[in-house]
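Colleague: 3D, please:
(3 chains)
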Amino acid sequence: MIELLFHITAFKSLPLGEVGGALTHIIILSTALFFIGMYGLFTRRNMITMLMSIELMLNSVNINFVAFNKYLYPDKMDGIFFSIFIIAIAAAEAAVAIAIIINLYRTHKSIDVDDVTDLKQ
Amino acid sequence: MPERAELGVMNAIIFSALIGVVMMLGGIVIKSNAGIKLLAIILLFILLGSHLAEYYDLFNIHIQTHGMLAKSRFGMFFNTIIISLTLLYVLLSGDEIVKVGTYGAEYFALIFFSLCGATILSSYNNLLMLFLGVEIMTIPLFVLTSSEKKNLKSNEAGLKYFLMGSFSTGILLMGIALYYGGTGLFAIEASKAANEAQQAFRILLPLGLLFIFISLSFKVSAAPFHFWTPDVYDGAPSVFTSFMATIVKTAGFIAFIKLFELRSVDMGYSWKILLPLIIILTLLAGNITAVFQQSVKRMLAYSSIAHAGFMLFALYNPNDFGKQGIMLYTVAYSLATIGTFAVLTKMKDYTYEGYNGLAKTKPVLAATNTIFILSLAGIPLTAGFFAKYYMLASALKESTSNLWLVIVAVLFAAVSVYYYFRVIQAMYFKDGNAETTEIKPFFKTLLIIIAALIIVIGLMPSLLLDLFYA
Amino acid sequence: MSNILSVLLQATNTADNYFPIGIQLIFAAGFVATMIAVSALLGPKRKTKEKLENFTSGIESHGDARQPVAIKYFLVAILFVLFDVEVIFFYPYAVNFRELGWEGFMAVLMFVAFFLIGFIYIIKKGALNWED
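Modeller: Below is the predicted model:
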């Protein structure tokens, strides 16, 4: 951990050049989106909003992949293809989640997670 | 151990996906529960056959995967184990599976798809495959967990599992993105950075690995990322809990080992702090909370967390003892857990009181369950003892300074004896009238076979390990 | 030639070149804001019941637009999302169509076949039946 922190603080003084500068901005954007998603997941109680927060997290990663690919490793398109896979998997995940939420709504008439606490002991 | 990376895909991956599709379509044609179960068993035998044909170099499908999947003896052997365990599981609990709801064939299809994800995890050589494997393995489980549609508990467990599962997927993806930013590759082998900007961004690599580590800890329910486990295991239908706690969990560990045997070096000194910390927290959270449980099902959920703590020891020395140990642990732990859960699903009452006097009403069930529980507790002469022994030995082999960690683990194993023995005490020494559903002779025979396997492996673990090197 | 191009590219990338766009944005926003403010201040105000109703092209509106939809609709919507998103994999194939040759074609054919199986499964299960 300590050395990771050290790495991060040393980040500023590195000779990143123009590429690194532009990329740093994008990383800040995607990191912000990622943690907004995480925050939403932990604070919101509406299941649909939570699902949206998760999608936000996954999509922030997509930004990261595309940016790394464009700025650091432009010779191959690995990163872009990875983001395509993420989009596809996220759709499958969302489908399953919505099915579960609809089923909960039918039996329980609520999509608030605070109402679903049968398992708490 | 020859690594045959150039040969590409394993039969097990292709066939497990195909038999899933066949099962899915079979559900449209076949309506009777018995027919569905029979089809599932036949398909599993086909899968096992195709896998063994490849294992002995008789027949395999060649597909160019560009190094994304690598065939290794370790992965192949693990696949043999999980396919056999799934077969055993379906033979044992097939009746219960079709009884969960009205979609018997779909449950089996989802189990096969999940198995496909597990086989990908045992052979991935690229982080894209890690991601796909994890997702293919867990998405069917979200459905299986919430498959008791009328039961609110099952739905809630499914939702919780989904939320935590996709949250950890988000972390995994962030980790992979940072890994990619640091190295420019998705391959798990080491690489070199070329230009200055790439060199500067290489510092993202340890951060990425940390994210992947956290995410995989979620998947294998290592503390402090274990909090979803008891609720999900408790809420899910018992038959599917059994599958989740065994095959899926051990596949998660294989994924863990495959990545970190190569890459733990890049995490540097923080790895040396992180791993023992996670191990101790996991052992603590699993064992101590399990003591206070009233329901056997919930106790088994916590005990599975405790076992995750032991399996994490394999990461200390993944090359030698660790790999053998994780194989032994997979077999010992899975056999015992499948057995206990099979008995559990037959019980009418899941609390300890529900087991009172089982020895009088159903002596065979009580006797075999005792052996499973002894193996879970790691008592000598059962497979669980050698599994734990190999795990602890791998930590000691790495460095004798790990002795304190081994002592802590042994102490926690002693704690675990308390809550495991409560079940045995209830079965043998308490008066009561344990009620079970109808039990077939075939079921009893299988239980005896599993118990015998546990004892044979416990007496001669070399039998299994020789197969590994054969 | 390439030298000129690179100079041009550099020129387009400086912040100065965005200045006219910025002016235009400010003008557009300012114009809209002024017009709304002026019409609100100077315009006549006659608040009758008919005036305050939503404008629906002369047809009388009835009921709430946020009515519950049949759960069947969600099933179709979910299936649409799945089948829609998977088409994304055709894009990289379409770009590399020639280079991948027959092997790539077979791979895509297999991919589509899996989809077709899924589709057959959906139809056989009656997920697309609206009446029951």
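
Colleague: Please make it C-alpha for all contacts and neighbour counts, starting now.
Modeller: OK.

Colleague: Show me the domain layout of chain C.
Modeller: Under the assignment automatic domain parsing, the domains of chain C span C:2-52, C:71-125.

Colleague: Now do the same contact list for the residue in the stretch 351-470 of chain B that chain A sits nearest to.
Modeller: Nearest residue of the stretch 351-470 of chain B to chain A (Cα to the nearest Cα) works out as residue B:351 at 14.2 Å. By Cα atoms under 8 Å, 6 or more residues apart in numbering or on different chains, residue B:351 lies in contact with B:294, B:295, B:296, B:297.

Colleague: Closest residue of the stretch 151-300 of chain B to chain C?
Modeller: residue B:162 (16.5 Å).

Colleague: Show me which residues of chain A are close to chain C?
Modeller: A:84, A:87, A:88, A:91, A:92, A:95, A:98 (Cα under 8 Å from any Cα of the partner chain).

Colleague: which SSE is the second one in?
Modeller: If you go by DSSP states H and E, residue A:87 is part of helix A:78-108.

Colleague: For that helix, which helices and strands make contact with it?
Modeller: Applying 3 or more Cα pairs under 8 Å, 6 or more residues apart in numbering or on different chains; DSSP states H and E, we find helix A:78-108 packed against helix A:47-71, helix B:127-145, helix B:152-183, helix C:71-86.

Colleague: hmm, try it at 10 Å
Modeller: Applying 3 or more Cα pairs under 10 Å, 6 or more residues apart in numbering or on different chains; DSSP states H and E, we find helix A:78-108 packed against helix A:47-71, helix B:127-145, helix B:152-183, helix C:71-86, helix C:90-95.

Colleague: In which helix or strand does residue B:330 reside?
Modeller: helix B:321-346.

Colleague: Please identify the buried residues of the following helix or strand past that helix?
Modeller: The element immediately downstream of helix B:321-346 (helix or strand, assigned by DSSP H and E) is helix B:358-361. Neighbour-count burial for helix B:358-361 flags B:358, B:359, B:361 (criterion: 16 or more other Cα atoms under 10 Å in any protein chain shown).

Colleague: Which residues are in contact with residue B:147?
Modeller: By Cα atoms under 10 Å, 6 or more residues apart in numbering or on different chains, the contact set of residue B:147 is A:100, B:100-103, B:107, B:141, B:154-155, B:158, B:236-237, B:240.

Colleague: Now for chain C, the helix or strand with the poorest mean pLDDT.
Modeller: Least confident helix or strand, chain C: helix C:2-12 with a mean of 49, by mean pLDDT, DSSP states H and E.

Colleague: repeat for chain A
Modeller: Within chain A, confidence by mean pLDDT, DSSP H and E is lowest for helix A:2-10 among all helices and strands, at a mean of 52.

Colleague: Chain B now?
Modeller: helix B:196-201 (a mean of 74).

Colleague: rewinding a little: of all the helices and strands packed on helix A:78-108, which one comes closest to residue B:413?
Modeller: Ranking those by proximity to residue B:413 (Cα to Cα) places helix B:152-183 first, at 27.8 Å.

Colleague: Let me know the angle separating the closest one from helix A:78-108.
Modeller: With axes from the mean of the first three to the mean of the last three Cα atoms, to 10 degrees as the basis, helix B:152-183 and helix A:78-108 are set at 170 degrees to each other.
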